[in-house]
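**Q** Got a predicted structure here, sequence first:
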Amino acid sequence: MFNPPVSRRPARLPRLLCAMLAVTSNALCAQTSLATALDQFLRTQTQGLPGKVSYSVGALERRAQLGACDAFEPFLPPGSRLWGKSTVGVRCLGPTAWTVYVPVQVRISGTYLVTARQLAPGQVVSSADLLSQSGDLGALPASVVTDPAQAIGKTIRNGIAAGHPLRSDLLTAAWAVQQGQSVRLLTTGAGFTISNEGKALNNATDGQIAQVRTASGQVVSGIARSGGVVEVSY
C-alpha cells in the first residue's frame, strides 16, 4: 500500500494518486483527471478551516474497478466532514457511471483553547479561565473552540477539568432573562409601543421564547433580549 503525504500543491497530487490507481485502471488520462478533481475539491472545501491545512490521500481498495471517465464529481458522503480522518466520494458522470470512495487525512495546524482551571457547571467563562494551545485541530473534536470570543460570557453546561480542550457543545449562551426575574415587556404593533413590567416564568437566551406573567396575571410569550427585555409583537 502506497500512502504518501500530500501537500496542497496541485501538481504533486495527480502523480501520487495516479500511482495508487495504476493497479486498478489502464486509463492514465482518467486517473490524472480524477486526481486533479479530487485535489481541487479538497483545496476548496478546506479553505475555511481555522489554521494551516495539509492533507494526505490513502490508497483505494484493491477491488476498486475504475473505467474510463470524462467527468468527475467529488462529494462528501452524508455525515462526513473534512476534519481528521475522513472519506471523499468521487462519481464518474460518464460514459460509464461508477463511484469510488477515497480515504483522506486532514491535518489542521492551529491554536485552540484549553481550560486554565477546573470549571464548575453554571460558571460563566472569563478570559482568566482560558489558555491557548497549539496542535493538530484535526485530531480534536470539530467543536473545539479556537476563538476566545466563542467562549467568554458563555455558561458551562457540565464541569470541565483543568487543561481540557474547550468545546462549543459544553457551553451555552448566557441567559438573557432568568426565571423569576423582573423583566421589561415591550409590546409593539402598527403605530404603537407599550412598555410595562412582568415576571419571567422561564430561562431564555437572546432570541429564545420567554413567557412573562404581567401584573394583571396575564401570561404572554415574547422574544428574550439581553438586559432583561422581552419583545412581544402584534
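**A** Looks like it came in fine. Numbers count the residues shown, from 1 in each chain.
**Q** Which positions in stretch 217-234 come out as buried?
**A** 222, 223, 224, 225, 228, 229, 230, 232 (16 or more other C-beta atoms under 10 Å). All C-beta atoms are positioned from the backbone trio N, CA, C, and that covers glycine.
**Q** The fourth one contacts residue 205, correct?
**A** No. In terms of C-beta atoms under 8 Å, residue 225 does not count as a neighbour of residue 205; the distance is 10.1 Å.
**Q** Find residues that contact each of those two.
**A** Both residue 225 and residue 205 are contacted by residue 176, under the criterion C-beta atoms under 8 Å, 6 or more residues apart in numbering.
**Q** buried stuff in the longest strand along the chain?
**A** The residue-count maximum for a strand in the chain (DSSP state E) belongs to strand 98-115. Along strand 98-115, the positions that meet the burial threshold by neighbour count (16+ other C-beta under 10 Å) are 100, 102, 104, 105, 106, 107, 108, 110, 112, 113, 114, 115.
**Q** again, but for stretch 127-146
**A** In stretch 127-146, counting by 16+ other C-beta under 10 Å, buried: 129, 130, 135, 137, 138, 140, 144, 145, 146.
**Q** nearest to residue 83, of the residues you listed?
**A** The closest of the buried residues of stretch 127-146 to residue 83 turns out to be residue 138 (C-beta to C-beta; 5.7 Å).
**Q** What number of residues are in the vicinity of the residue nearest to that closest one when sequence neighbours are not counted?
**A** Distances taken as C-beta to C-beta, 6 or more residues apart in numbering place residue 84 nearest to residue 138, at 4.2 Å, with adjacent residues excluded. Using other C-beta atoms under 10 Å, residue 84 is surrounded by 17 other residues.
**Q** Distance check, residue 84 against residue 119.
**A** Using C-beta to C-beta, to the nearest Å, one gets 25 Å for the distance from residue 84 to residue 119.
**Q** Then residue 178?
**A** The span separating residue 178 from residue 119 equals 20 Å under the rule C-beta to C-beta.
**Q** that older thread, ok, the residue nearest to residue 138 touching residue 105?
**A** Yes. With contact defined as C-beta under 8 Å, residue 84 and residue 105 form a contacting pair (7.2 Å).
**Q** Could you tell me which residues touch both of these two?
**A** A shared contact of residue 84 and residue 105, defined by C-beta under 8 Å, 6+ apart, is any residue touching both; here these are residue 138.
**Q** Domain map for this structure?
**A** In the domain annotation for the chain, the residue ranges read 5-50+58-99, 109-172, 175-233 (automatic domain parsing).
**Q** For the ones you listed, which has the smallest mean pLDDT value?
**A** By mean pLDDT, the lowest-scoring of the domains of the chain turns out to be domain 5-50+58-99, with a mean of 72.
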